[in-house]
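Asks: Kindly return the folded structure for what I paste below:
(one chain, ligands or ions: 1)
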Amino acid sequence: MRGPFLLNSRTIDLRVKRTAPGTYKASNSKTAVKYVGRSDSNLNAELKTHVNRYKYFWYEYATSLKAAFEKECSLYHYHGGAQGKLDNKNHPGRPAGYHWKCPRCSMFD
Ligand SMILES: [Zn+2]
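Replies: Next up, the predicted model:
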């Protein structure tokens with residue numbers, strides 16, 4: 001992932017120029033991740049919903065919706081989302097109409 005970058009609209013526009021799916025991490029410190037997420041269509045716009053909530057972000061474009069979903073799941077588990085260590089209230093969801101499984105747990109089995 002690229003980052004950390006300051007999470008403000010100007011920096012997002014400078015760094016995330018493609019209208020594309022992708023995943024991201026956000027935090028108020030450069031060393032501890034507090035939120036993970038993804039966009040299935042426009043990572044730039046999704047990141048902007050977190051302005052004023054977090055100070056830094058990291059991002060990575062995805063080559064497909066499935067790749068974005070699986071990457072978000074992996075980030076969620078890697079950073080302790082299942083143990084309540086993230087601000088994410090819920091496990092990452094699947095895009096509507098798809099039935100992929102999480103590569104790290106059995107919640108969609
Ligand atoms: Zn999972």
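Asks: Show me which residues of the chain are close to the ion?
Replies: With C-beta under 5 Å from the ion as the criterion, the chain meets the ion at residues 73, 102, 104-105. C-beta: built from backbone N, CA, C; applies to glycine.
Asks: what do you get if the cut-off is 6 Å, keeping everything else the same?
Replies: Residues of the chain that fall close to the ion, judged by C-beta under 6 Å from the ion: 73, 77, 91, 102, 104-105, 107.
Asks: now these: which count as buried?
Replies: When neighbours are counted using 16 or more other C-beta atoms under 10 Å, the residues of the chain next to the ion contain these buried positions: 73, 77, 91, 102, 104.
Asks: Now intersect those residues with the helices, please.
Replies: Counting by DSSP state H, those place 73, 77 in helices.
Asks: would you list the buried ones among the residues of the chain next to the ion in CSV and tack on distance to Thr49 and pLDDT?
Replies: Rendered in CSV, the data for these read as follows (distance: C-beta to C-beta, whole Å; pLDDT from 0 to 100):
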residue, distance to Thr49, pLDDT
Cys73, 20, 98
His77, 23, 98
His91, 19, 98
Cys102, 23, 98
Arg104, 25, 97
